[in-house]
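In: Structure, please.
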Amino acid sequence: MHISQSRLLKGVLGALVVAATLVASAFASDIPPTPDRTRLEHVAIRLAAHLPLHIIAFGSSSTEGVGASSIATTYPTRLLVELTAALPPRQQVKVVNLGIGGNDADDMAVRLPAVIAQHPDLIIWQTGSNDPLRNVPLDRFVQETIAGVQAIRAAHIDLMLMEPQLCKTLDRQPTSVLYRDALRAIGEGMDVPLVRRYDLMRAWLADGSLTATQMLSPDGLHMADAGYARLAQAVAADILRRAAPPVVAMDTTQQH
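Out: The predicted model follows:
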């Protein structure tokens, strides 16, 4: 069913009003969300045919790799390493890093047409971190993100959204949770896979697999090498899960 942009905008903003009253209890829960089954159809087709796979990592400083010790330890570079290791040797994969530090939704709306023009098979769009820090109105952030999703889909490109990180700087900004919730509402309302980075980072701290100093850079905003590495692992696993051949259930009622 087609949902107009104005109706979807109203729905997302309405959902955020409810979410704002429930956020404390929601984020206190240790129960992870049920994995959705949205497939990356174009990625699946490319992998099944052993055709070259082109991915663009689009976003701000988390994508560019601020906080990483080198280009080799940014999440897009590590994503290429993870996918290359998991896929057959003859499968060609290219991951292009189009992150620019400081970008907000307004900046990304300007850049997005050029990203779409490259016609990758998959865009991983990391957004929502700078907007509360730069006071981008929430409704404009939602509207520009919805328009971007629609434009990417109209170009027949697979899309994953990535939400803001867990960090001291955003935690001190009271409105930051609204932008995170907005992305979650957009993902659910438009059936777009979402990398729940905030929840992933909370889980790494909770299970002791990463310490705060391993996961985050000293600036209180950006991730560090170990955090980017774990993020790349999670994103690679999600891409491969969503591009895997569908599991056909066996009919156990037939007698042999």
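
In: host element of residue 79?
Out: Using DSSP states H and E, residue 79 falls within helix 75-86.

In: do residue 55 as well
Out: Taking DSSP H and E as the criterion, residue 55 maps to strand 53-59.

In: Pull the distance from whatever helix or strand residue 185 lives in to the chain's centre.
Out: Using DSSP H and E, residue 185 maps to helix 176-190. Mean-position distance between helix 176-190 and its chain equals 11 Å (Cα atoms, centre = their mean, to the nearest Å).

In: How about residues contacting the helix holding residue 79?
Out: Helix 75-86 is contacted by residues 53, 55, 57, 62-63, 65, 71, 91, 93-97, 99, 223, 228-229, 231-233, 235-237, 239-240 when judged by Cβ atoms under 8 Å, 6 or more residues apart in numbering. For the C-beta atoms, the positions are set from N, CA and C on the backbone; glycine is no exception.

In: Out of those residues, name the ones that lie in strands.
Out: 53, 55, 57, 93-97, 99 (DSSP state E).

In: sorry, back to before: other SSEs contacting the helix holding residue 185?
Out: helix 5-28, helix 130-133, helix 138-154, strand 158-162, strand 194-195 (3 or more Cβ pairs under 8 Å, 6 or more residues apart in numbering; DSSP states H and E).

In: Just the buried positions in that helix, please.
Out: 176-187, 189-190 (16 or more other Cβ atoms under 10 Å).

In: repeat for stretch 109-128
Out: Taking 16+ other Cβ under 10 Å as the criterion, stretch 109-128 shows 109, 112, 115-116, 120-128 as buried.

In: what do you get for stretch 42-60?
Out: For stretch 42-60, by 16+ other Cβ under 10 Å, it's 42-44, 46-47, 53-60.

In: thinking again about what came up before, which single one of the buried residues of helix 176-190 is nearest to residue 138?
Out: residue 178 (5.6 Å; Cβ to Cβ).

In: Does that closest one touch residue 136 like I think?
Out: No. Using Cβ atoms under 8 Å, residue 178 is not in contact with residue 136, being 11.2 Å away.

In: For residue 41, give me its contacts.
Out: residue 158 are the contacts of residue 41 under Cβ under 8 Å, 6+ apart.

In: buried sites along stretch 231-243?
Out: 231-236, 238-240, 242-243.

In: May I see these organised as a markdown table, with pLDDT and distance to residue 142 added?
Out: Formatted as a markdown table, the buried residues of stretch 231-243 follow (pLDDT from 0 to 100; distance: Cβ to Cβ, whole Å):
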| residue | pLDDT | distance to residue 142 |
| --- | --- | --- |
| 231 | 98 | 24 |
| 232 | 98 | 28 |
| 233 | 98 | 30 |
| 234 | 98 | 25 |
| 235 | 98 | 23 |
| 236 | 98 | 29 |
| 238 | 97 | 23 |
| 239 | 98 | 25 |
| 240 | 97 | 30 |
| 242 | 97 | 24 |
| 243 | 97 | 28 |
